[in-house]
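Student: Next comes the sequence, and after it the predicted model I'd like to discuss.
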Amino acid sequence: MAWTTTDDLDEFRAAAGAFLRARPVRHTVLLTVVSSLEAAGSGRYGDRPPVYGWWRAPSGAVDGGFVRTPPHPPLLSAMPAEAADALARTLAGADRPRITGVTGARPEAEAFADAWERHTGEARRADHVQRLYRLHTLTPSGPVRGRARTATTADRDLLLSWYEAFGRDTGALPGNEVARAVDDRLGHHGALLWEVDGEPVATAAVSRTIADTVRVSLVYTPPELRGRGYAGAVTAAVSRAARTAGAERVLLFADLANPTSNALYQRIGYRPVEDHVRLTFTP
């Protein structure tokens, strides 16, 4: 039982790809990060090359994995507590840029943080708690003026400004990743706009389909246009489009500190699955 780490994406996919795809809901973020790295190259999330790893159980089967895209913290898969402990020990002694935190479903992130505290003496704090939702029966919240359309490269400047604003509002999209996020969504026709009288008033995006699963993200309405149902309308539209395109599972995350968005997503048919956290370590 040990961790294997590599800088080689193909090696990681060969070893851990089937394990990740076997639980596409729990591993939705890991799968989309790997997909984006495959499509856009190792510089998709930062200047340093990503680090990948997988854990083998006594049977020899892969039973855990992680991806680290510096400067971001490791992103964990489902894994046994002993694997989380061993990973913290492995990364604490690695000759790499210092680990500043961890991200994942709450049980794995907390287990890793417990072990990190034991091995390094550093404390953790919860920076961000998100609830993962899965779409059941889509129920649009009511008639809203306007219609949805797929964003094109002609909308790139608008999306850049809106994604920058989204990042400022939520802290979930660093400024140096805005252009990459826009180009990634446009590259697979994954951004939708809600228009009223031909003018865009809201947007939502969807990830590439992986293991029959997609994830809705980057739902944004400019402040002066909020409260008119546009966010619900564009989220319902992008969710419906994903289902029509064949996605079996449609997911999204909502910040637990934002009761408005959590209530909105549940009104249109999303149901809670589990909580994910981003923990930061303090020397």
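Tutor: Structure's in. What do you need?
Student: Okay, now the unreliable bits of the stretch 1-150 of the chain?
Tutor: The model of the stretch 1-150 of the chain has pLDDT under 70 over residues 42-44, 46, 95-96.
Student: Mind jotting down where the strands sit in it?
Tutor: Here the stretch 1-150 of the chain has its strands, by DSSP state E, counting those that start in this stretch, at 3-6, 51-56, 62-68, 75-76, 101-105, 123-135, 147-150.
Student: Send over the first one as CSV, restricted to the C-alpha atoms.
Tutor: What that stands for is strand 3-6. In CSV, the C-alpha atoms belonging to strand 3-6 read as follows (Å, rounded to 0.1, in the frame of the first residue of the first chain):
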residue,chain,number,x,y,z
TRP,A,3,1.3,6.3,-3.2
THR,A,4,2.7,6.6,-6.7
THR,A,5,3.3,10.1,-8.0
THR,A,6,4.1,11.3,-11.5
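Student: can you list contacts of that strand?
Tutor: 12, 15, 51-56, 83, 86-87, 90, 94 (CB atoms under 8 Å, 6 or more residues apart in numbering). From N, CA and C alone the C-beta is placed, and that goes for glycine too.
Student: can I get the residues you listed in JSON lines with distance to Tyr220 and neighbour count?
Tutor: As requested, the contacts of strand 3-6 are exported to JSON lines (distance: CB to CB, whole Å; neighbours: other CB atoms under 10 Å):
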{"residue": "Phe12", "distance to Tyr220": "32", "neighbour count": "24"}
{"residue": "Ala15", "distance to Tyr220": "37", "neighbour count": "18"}
{"residue": "Val51", "distance to Tyr220": "31", "neighbour count": "19"}
{"residue": "Tyr52", "distance to Tyr220": "31", "neighbour count": "24"}
{"residue": "Gly53", "distance to Tyr220": "34", "neighbour count": "23"}
{"residue": "Trp54", "distance to Tyr220": "35", "neighbour count": "25"}
{"residue": "Trp55", "distance to Tyr220": "37", "neighbour count": "25"}
{"residue": "Arg56", "distance to Tyr220": "41", "neighbour count": "18"}
{"residue": "Ala83", "distance to Tyr220": "37", "neighbour count": "28"}
{"residue": "Ala86", "distance to Tyr220": "40", "neighbour count": "18"}
{"residue": "Leu87", "distance to Tyr220": "34", "neighbour count": "26"}
{"residue": "Thr90", "distance to Tyr220": "38", "neighbour count": "17"}
{"residue": "Ala94", "distance to Tyr220": "37", "neighbour count": "13"}
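Student: mind putting those in TSV, distance to Arg215 included?
Tutor: Supplementary listing: the contacts of strand 3-6 in TSV, determined by distance: CB to CB, whole Å:
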residue	distance to Arg215
Phe12	20
Ala15	24
Val51	23
Tyr52	20
Gly53	23
Trp54	22
Trp55	24
Arg56	28
Ala83	25
Ala86	29
Leu87	24
Thr90	29
Ala94	30
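Student: quick check, nearest of those to Arg68?
Tutor: Val51 (4.4 Å; CB to CB).
Student: mind checking how far the closest one is from Phe281?
Tutor: Distance of Val51 to Phe281, computed by CB to CB, to the nearest Å: 17 Å.
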